[in-house]
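A.B. asks: got a predicted structure plus its sequence, pasted below:
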Amino acid sequence: MSSQSNSKPSIAVVEDVIPTEIAQAANEVDLLQLLLERLQQPTLQVDLQGTVVYANKAALSLFAATADTLVSKQLHSFLAAPWSTFYRNCFAQYGDPQALIHSASEMMIDINETAVPVNMSLSFMPVKQPCLLATFQDLRAQKAEIQRLHQLACTDALTGLANRRAFFDTLQKLWEQCTTARDPVSIVIVDVDHFKLFNDRFGHIQGDRCLQQVAYALQQALPDDNCLAARYGGEEFALILPGMNGIQAKTIAEGLRERIAQINCGELAGKSGITVSQGIAAEVNGQFRTPEALLFAADTALYRAKKDGRDRVNLSN
Ligand SMILES: Nc1nc2c(ncn2[C@@H]2O[C@H](COP(=O)(O)OP(=O)(O)OP(=O)(O)O)[C@@H](O)[C@H]2O)c(=O)[nH]1
């Protein structure tokens, strides 16, 4: 059936029913509520003292409530702080109803003791019994989607670790936290040894699996949730260890070296196994002025670990 033929009956319904209901509406209150009932957007009709006088079907669905639980209550009682106080004061102090017209984005409403993010706007209705309409836009799906996209933007697709972008964001944040609190912070850069040879010998698919196992070992080596393991580049990874000095970071790095030695990269890898070189730098007493300087020192320490024969940990002086 074409969309044209689909739309005809609904036009007929609109023509038949709406005029009849409008004609039957005894007064403007009935008419307003009739229109509200047909609105898809959750809407509360509120008097000028802030009391809910009517809730349309979409509002009952948003608030997961019956009309009894919404009508006669104060609008502000459904709003979470700081908006509850804001609107309580607005209604208590109102003089000019126009002053109540307001839009609030990203506020929270309390639904069964759960804070739900919404946009709310108040519009003034200059009818015989003047009132306000509070319309809501449920932001839950939008927030969940933003969260999902944020997660994707911060995650390395192959290993599931934080990616380079997330590494730099977190480094900046933890650097500020630690230096402000005069806590130490360490960085470990971990580079898989002779990985080109591994790829050449066993192929890229096996290489990818190997990187996934190295990433898992890094994640397992983290001492707590404040630390971060990230994929820094192709076969290069990094740890940020807030609150840890160089000696503590070296212990973590040596533990990681042992974990990586246990990795079985499939039969192909045989006993040759996979090894990593690691460079560490620690900020303890203000010797590094910026997180970039700390990172540079860790990179230099890694270079030395490579130069000294690989499969080792080198702590920057
Ligand atoms: N399979 C796979 N290989 C990757 C990926 N990213 C980078 N590589 C490979 O990692 C290798 C890195 O090579 P090099 O930079 O020469 O380093 P290396 O061979 O590990 O040598 P050293 O670091 O000096 O021990 C290259 O062959 C890249 O193709 C990836 O996502 N998957």
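C.D. replies: Arrived safely, thanks for sending. Residues are numbered from 1 along each chain as shown.

A.B. asks: going forward, measure contacts and count neighbours with C-alpha atoms only.
C.D. replies: Noted.

A.B. asks: tell me who's in contact with residue 87.
C.D. replies: Counting by CA atoms under 8 Å, 6 or more residues apart in numbering, residue 87 touches 75-76.

A.B. asks: wasn't it part of a strand?
C.D. replies: No. Counting by DSSP: H, G, I helix; E, B strand; the rest coil, residue 87 falls outside a strand, being helix.

A.B. asks: what's the distance between it and the ligand?
C.D. replies: Counting by CA to the nearest ligand atom, to the nearest Å, the gap from residue 87 to the ligand is 54 Å.

A.B. asks: please apply the same query to residue 149.
C.D. replies: For residue 149, the distance to the ligand - CA to the nearest ligand atom - is 22 Å.

A.B. asks: could you confirm that residue falls within a strand?
C.D. replies: No. Counting by three-state DSSP, residue 149 falls outside a strand, being helix.

A.B. asks: distance of it relative to residue 216?
C.D. replies: For residue 149, the distance to residue 216 equals 23 Å [CA to CA, to the nearest Å].

A.B. asks: those two: which is more packed in?
C.D. replies: More crowded of residue 149 and residue 216, by other CA atoms under 10 Å: residue 216, with 18 against 12.

A.B. asks: starting at the chain centroid, how far to the helix or strand encompassing that one?
C.D. replies: Here residue 216, judged by DSSP states H and E, is contained in helix 204-221. Distance of helix 204-221 from its chain centroid, counting by CA atoms, centre = their mean, to the nearest Å, is 26 Å.

A.B. asks: one more: stretch 42-55?
C.D. replies: Stretch 42-55 sits 33 Å away from the centroid of its parent chain (CA atoms, centre = their mean).

A.B. asks: list the contacts of it.
C.D. replies: 33, 36, 56-62, 67, 70-76, 88, 91-92, 94, 97, 130-137.

A.B. asks: quick one: end-to-end length of that stretch, please.
C.D. replies: 8 Å.

A.B. asks: and stretch 45-60, by the same measure?
C.D. replies: End-to-end for stretch 45-60, by CA to CA: 12 Å.

A.B. asks: what does stretch 262-274 give?
C.D. replies: End-to-end distance (CA to CA), stretch 262-274: 9 Å.

A.B. asks: state the mean pLDDT of it.
C.D. replies: Averaged across stretch 262-274, pLDDT comes to 66.

A.B. asks: repeat that for stretch 148-163.
C.D. replies: 98.

A.B. asks: stretch 277-297 now?
C.D. replies: Mean predicted lDDT for stretch 277-297 stands at 96.

A.B. asks: re the thing from before, pull out the buried members of the contacts of stretch 42-55.
C.D. replies: Neighbour counting by 16 or more other CA atoms under 10 Å classes 33, 36, 56-60, 62, 67, 70-71, 74-76, 88, 91, 97, 131-137 among the contacts of stretch 42-55 as buried.

A.B. asks: among those, which are located in strands?
C.D. replies: 131-137 (DSSP state E).

A.B. asks: re the thing from before, what sits up against the helix holding residue 216?
C.D. replies: 158-159, 161, 195, 198-199, 229, 231, 235, 237, 239, 252, 255-256, 259-260, 263, 265-266.
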